[in-house]
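[1] Fold the following and give me the result.
(2 chains)
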Amino acid sequence: MIRTLNTVIVGGGPAGLSAAVAAFDAGERSLLIVERDVHLGGILQQCIHNGFGLQWFKEELTGPEYAQRFIDQAEERQIESVTGTMVLEIRQDPQNAPYDKTVFCLSPSEGVLELRCRSVILSMGCRERVRGNLKTPGTRPVGIYSAGLAQRLVNLEGVMPGKKVVILGSGDIGLIMARRMTWEGAEVKMVCEIMPYSAGLARNIQQCLIDLNIPLHLSTTIVNIHGRDRLEGVTIARVDEKRNPIPGTEQYVECDTLLLSVGLLPENELSRALGVEMDPVTGGPRVDENRQTSIPGVYACGNVLHVHDIVDFVSKESTIAGKSAAAYNLQSQSGAEQVTLKAAGAVRYTVPQMASLEEPFSIFCRVAYPVSSGKFLVKAGDQVILEKKFIKAVPSEMEEIPVRKAELEKILSTGAGELTLETCLD
Amino acid sequence: MKTDILIIGGGVIGAAIARELSRYEAKTLLIEAREDLARGASGANSGIVHAGYDPEPGTLMAKYNVAGCGMYEELSQKLNFPYKKCGSFVLAFSKEEMAHVQALYERGLTNGVPDMEIISGDRAREMDPALSDQVEGALFAKSAGIVSPYEATIAFAENAAVNGVSFRLAEKVTAIEKRESGFLVTTDKATYEAACVVNAAGRFAGEISAMAGGRDIQITEKKGEYTLYDRNLGGFVSHVMFQCPNENGKGILVTPTAEGNMLLGPNSILLRGEERGDTATTPEGQAQIFREGRKTCPQLPFGGAITGFAGVRASFGSDFIIEADEKVPGLIQVAGICSPGLTSAPAIAVDAALMALKAAGCKEEKKKEWTEEREGIPCVRDMDWEKRAELCQKDAAYGRIVCRCETVTEGQIRKALKSPIPVYTIDGVKRRCRAGMGRCQGSFCTPVVMQIIEEESGIPFDRICKSKEGTAIARGTLKGGAV
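    From the prediction side, this is the model:
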């Protein structure tokens, strides 16, 4: 079936839902959310713990509750969505202008669905890194799962993957699963983190590990996996500052389950195939402050753009993308010249990576390593445009640096084509 | 149960022989100790169809390699398994190695290898820009290719099954008694009378031969480690890249795979005593293959690996054993089939089947009805949109993607579970239709695959195994019971 509409939203998780609602509220009525799972809501549906929504809704919600708020909002607005439907290809077809993007989907109800549209919002989310990415040696028995898969098995399928658990990586999903598995009667022996600091939120370290007496071993990794058919144990070892295992520090830990919580990767196969420019640091597309990618009319938001620490920021970011897509459809966005944003010092990356400086906006960033007491500086050449102080900045938490009207003017007056966001320690 | 021919071993050799035998009126049974086909070396190797310039002229290896190489293209079309005749390079990094390449070329001519050419380093780099500047020249063999070794094994077996061969998986042969005529074969589940036993037991060929009272076979086991890369690196090289072979085998290769990934490996580590059968990967092994792979392609990426694995090569001396046992009439030995065993398998099978028929006292009488083709499982990933639409029209389940990384639909998974030799495990599904074989390694699709297995097999969700019995994903339900 071929359909023509203004905006197709690829992915009905928190990012896609927020973007759709924002596009609707900006006046766009011709919208379709395409979701591959059987339900809207994305990964939030298996995140049954609380702690979501403190910023956006000013109350504490569970994952499914947070998702439901947006599902309800989409339903109230009668925003159309299709589930069980996966986008496999996005093409640019200039001869169909202004509906010059074609989104090809596969669905059990429609078979092949061909959607011609003016704008596309990429909101496919991310996936977890796997053992192969780390090249962790050893056998390949049953009992090794990504933390997210274990979360689904426990929370949605009602089964326990094991009873004696070691977790590699202190990412938030791993920490949440440490607590969840403990509550369900498993013995979580330890969380090993190769870095000298945790990759998870401070509140999760407290609530999921410290409160339950689960040890967190920093600068520690897994160097071997044992057990031919079922996991029998792992060998852990301390690592040096170059993350190489230190001989003689090996220790055998008996376990039947190993959960990996070793980072998330934006899932951009569609974006790459479409030809949008990518940022090698974030693993997501390069975008401007409207979350527009290098291809006009193609927007990206949520974890497909860069991995977020909390979903509230996803909603915030996706609102920008949704609003921008609606404006694009009306051709009311000017093609203003853009400046490039670069990360320097302890700053690992910025989103956006480009800006047209027409309206005030926020720069989101993450640091590459923990830093304390200093300030973020936005500079045009040698000139400091603005600064924001911090007491502590850690890689696991995103920072927001607002650029206000006065500062925009300051930047424009310098005529600089490039802005730098860097850290300056006291 | 009585059978004319009993094949022990469900690797590529046993499966290919079973398929050849299925042409004939003889009653054939194949017994495999593991829960699935291709669980030994056939499931973990380089997946290369070698041209045939490596083996010493006059050996069985030389004969069957060249013959087998010539059979794969047609077989892959008839039996519907991934194969690509992409050609291979043997790279020379020095004048001495150029001499070696020349010697291989000449050996290839003696062995009857078609379409070989010695090319310059520049020409090689033109064809594959990722190659090192240090490459002086290469032997280019156009007849070489890549194949999915486990899918080929499964295809042979399924075609045999459709044509009347019986298969018993997860059944281990525990004793073989030579009787006046034929054998009494005891397994952990049943006993069988067979006129002929074919020993295709891979690294257990020595044990099986000993049970039957046959010739002494001391299998040497060598482990080889691999790194498998994301399919977005599938085009990093477009030919199979060998370095000059040395005493440890054919050296580290960098190759595309028939399924569209990139593969790096293998090294070669002798396994002794307790180590036998070990398929664990090691930091040293993974580092070694990466280091040596970088010699071929200096830009070989460190990232982009999605999994590592190892396989065990079972060899005996310097050639294959393909013979009727001299001591025990009725026992056919097909043992020590190390590389180029995968390539040779279809050709070995033709001769071994005839040996088995003779040993069983069966006539070379072909069946009137023999299904030559195997439908296999449609590959939605490789189809154009028109074909996809057509398939969805027939069955809506082909419109529901379950494995997002490899674009595998519910329809394909159900088809795999309804195949002639269904295996109701996560890995069984994975080997047949690639669900869970991609970059997320099943992190997203495993529970959905389990649901479909439950529906197709009736095995409860919490009993579904990754591979053999005892490898259930679930180790119990929640305190409140299953959801």
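[2] buried ones in stretch A:339-350?
    For stretch A:339-350, the neighbour count (16 or more other C-beta atoms under 10 Å in any protein chain shown) marks A:339-341, A:343, A:345-347, A:349-350 as buried. C-betas here are computed from N, CA, C, even on glycine.
[3] export those residues to a markdown table and tack on secondary structure and distance to chain B?
    Shown next, in a markdown table, are those (DSSP: H, G, I helix; E, B strand; the rest coil; distance: C-beta to the nearest C-beta, whole Å):
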| residue | secondary structure | distance to chain B |
| --- | --- | --- |
| A:Val339 | strand | 30 |
| A:Thr340 | strand | 25 |
| A:Leu341 | strand | 25 |
| A:Ala343 | strand | 20 |
| A:Gly345 | coil | 25 |
| A:Ala346 | coil | 23 |
| A:Val347 | strand | 22 |
| A:Tyr349 | strand | 17 |
| A:Thr350 | strand | 22 |
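[4] And the furthest pair within those?
    Within the buried residues of stretch A:339-350, A:Val339 and A:Ala346 form the most distant pair, 21.7 Å apart (C-beta to C-beta).
[5] Okay, domains of chain B per the record?
    Per automatic domain parsing, the domain ranges recorded for chain B read B:88-142+B:220-315, B:380-463.
[6] The first one - what's its average pLDDT?
    In this model, domain B:88-142+B:220-315 has a mean pLDDT of 95.
[7] Distance across that domain, terminal residue to terminal residue?
    24 Å (C-alpha to C-alpha, to the nearest Å).
[8] cool, stretch A:226-239 as well?
    Using C-alpha to C-alpha, one end of stretch A:226-239 lies 20 Å from the other.
[9] neighbours around B:Asp384, how many?
    Residues lying near B:Asp384 (other C-beta atoms under 10 Å in any protein chain shown) number 8.
[10] Let me know the secondary structure of residue 177.
    All of this is about chain A. The three-state label given to A:Met177 by DSSP: H, G, I helix; E, B strand; the rest coil is helix.
[11] Does it touch A:Ile167 like I think?
    Yes. At 6.9 Å, A:Met177 counts as touching A:Ile167 under the criterion of C-beta atoms under 8 Å.
[12] joint contacts of the two?
    Jointly contacting A:Met177 and A:Ile167 under the rule C-beta atoms under 8 Å, 6 or more residues apart in numbering or on different chains are A:147, A:259, A:261.
[13] Give me the distance between the last one and chain B.
    I take that to be A:Ser261. 11 Å (C-beta to the nearest C-beta, to the nearest Å).
[14] wait, that residue sits on A:Gly169?
    Yes. With contact defined as C-beta under 8 Å, A:Ser261 reaches A:Gly169; the gap is 4.0 Å.
[15] what is in contact with the two at once?
    Common neighbours of A:Ser261 and A:Gly169, counting by C-beta under 8 Å, 6+ apart, are A:147, A:199.
[16] follow-up on the earlier one: reformat the shared contacts of A:Met177 and A:Ile167 as TSV; add pLDDT, secondary structure and neighbour count.
    Formatted as TSV, those follow (pLDDT from 0 to 100; DSSP: H, G, I helix; E, B strand; the rest coil; neighbours: other C-beta atoms under 10 Å in any protein chain shown):
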residue	pLDDT	secondary structure	neighbour count
A:Ala147	98	helix	26
A:Leu259	98	strand	29
A:Ser261	97	coil	28
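[17] What is the nearest of those to B:Ser181?
    Closest to B:Ser181, out of all of the shared contacts of A:Met177 and A:Ile167 and judged by C-beta to C-beta, is A:Leu259, at 57.7 Å.
[18] Could I get the contacting residues of the closest one?
    A:145-147, A:150, A:165-168, A:174, A:177.
[19] picking up where we left off before, reformat the buried residues of stretch A:339-350 as CSV; add distance to B:Gln286 and pLDDT.
    Putting these into CSV (distance: C-beta to C-beta, whole Å; pLDDT from 0 to 100) gives the following:
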residue, distance to B:Gln286, pLDDT
A:Val339, 43, 93
A:Thr340, 38, 95
A:Leu341, 38, 96
A:Ala343, 32, 97
A:Gly345, 34, 93
A:Ala346, 32, 96
A:Val347, 33, 97
A:Tyr349, 29, 97
A:Thr350, 35, 97
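[20] where do the strands sit along the stretch 151-300 of chain A?
    Secondary structure of the stretch 151-300 of chain A by DSSP state E, counting those that start in this stretch: the strands cover A:164-168, A:187-192, A:216-217, A:220-226, A:233-238, A:251-254, A:257-260, A:264-266, A:298-300.
[21] Of all those, which one is nearest A:Arg118?
    Nearest to A:Arg118 among those is strand A:298-300 (10.5 Å), distances taken as C-beta to C-beta.
[22] Check which element follows that closest one along the chain.
    Counting by DSSP states H and E, the next helix or strand C-terminal to strand A:298-300 is helix A:311-329.
[23] Could you list every helix and strand in contact with that following helix?
    Applying 3 or more C-beta pairs under 8 Å, 6 or more residues apart in numbering or on different chains; DSSP states H and E, one finds that helix A:311-329 contacts strand A:2-10, helix A:14-25, helix A:63-76, strand A:111-122, strand A:298-300.
[24] Report the rounded mean pLDDT for it.
    Average pLDDT, helix A:311-329: 97.
[25] That one relative to strand A:111-122, how many degrees between them?
    Per axes from the mean of the first three to the mean of the last three C-alpha atoms, to 10 degrees, the angle that helix A:311-329 makes with strand A:111-122 is 100 degrees.
[26] Would you mind getting the angle between helix A:311-329 and strand A:2-10?
    Using the same axes, to 10 degrees, helix A:311-329 lies at 150 degrees relative to strand A:2-10.
[27] Tell me the residue of the stretch 201-350 of chain B that sits nearest chain A?
    Chain A sits closest to B:Thr307 of the stretch 201-350 of chain B, with a gap of 3.7 Å, by C-beta to the nearest C-beta.
[28] pLDDT score for the residue of the stretch 301-426 of chain A found nearest chain B?
    Using C-beta to the nearest C-beta, the point where the stretch 301-426 of chain A gets nearest to chain B is A:Val304, with a distance of 13.2 Å. Looking at A:Val304, its pLDDT reads 98.
[29] That one: what's it in contact with?
    For A:Val304, the contact set (C-beta under 8 Å, 6+ apart) comprises A:11, A:15, A:122-126, A:266-268, A:271, A:284-285.
[30] Check A:Ser271 too.
    Contacts for A:Ser271 were tallied using C-beta under 8 Å, 6+ apart; they are A:122, A:278, A:284-285, A:293, A:300, A:304.
[31] got a winner among these for most neighbours?
    Result: A:Leu122 is most packed of those (other C-beta under 10 Å), 34 neighbours.
[32] where does the closest residue in space to it that isn't next to it in sequence sit relative to chain B, distance-wise?
    Distances taken as C-beta to C-beta, 6 or more residues apart in numbering or on different chains place A:Ala300 nearest to A:Leu122, at 4.2 Å, with adjacent residues excluded. A:Ala300 sits 18 Å away from chain B, going by C-beta to the nearest C-beta.
[33] Quick check: A:Ala300 touching A:Ile121?
    Yes. A:Ala300 is within contact range of A:Ile121, at 7.4 Å (criterion: C-beta under 8 Å).
[34] Who are the contact partners of the residue nearest to A:Gly297 when sequence neighbours are not counted?
    Take A:Gly297 and drop its neighbours on the chain: the residue closest to it by C-beta to C-beta, 6+ apart is A:Ser119, 4.2 Å away. A:Ser119 is in contact with A:6-8, A:101, A:297-299, A:325, A:328-329, counting by C-beta under 8 Å, 6+ apart.
[35] now do 7 Å
    Contact analysis of A:Ser119 by C-beta atoms under 7 Å, 6 or more residues apart in numbering or on different chains lists A:6-7, A:297, A:299, A:325, A:328-329.
[36] residue ranges with poor pLDDT in the stretch 301-450 of chain B?
    The model of the stretch 301-450 of chain B has no residue with pLDDT under 70.
[37] That'll do, ta.
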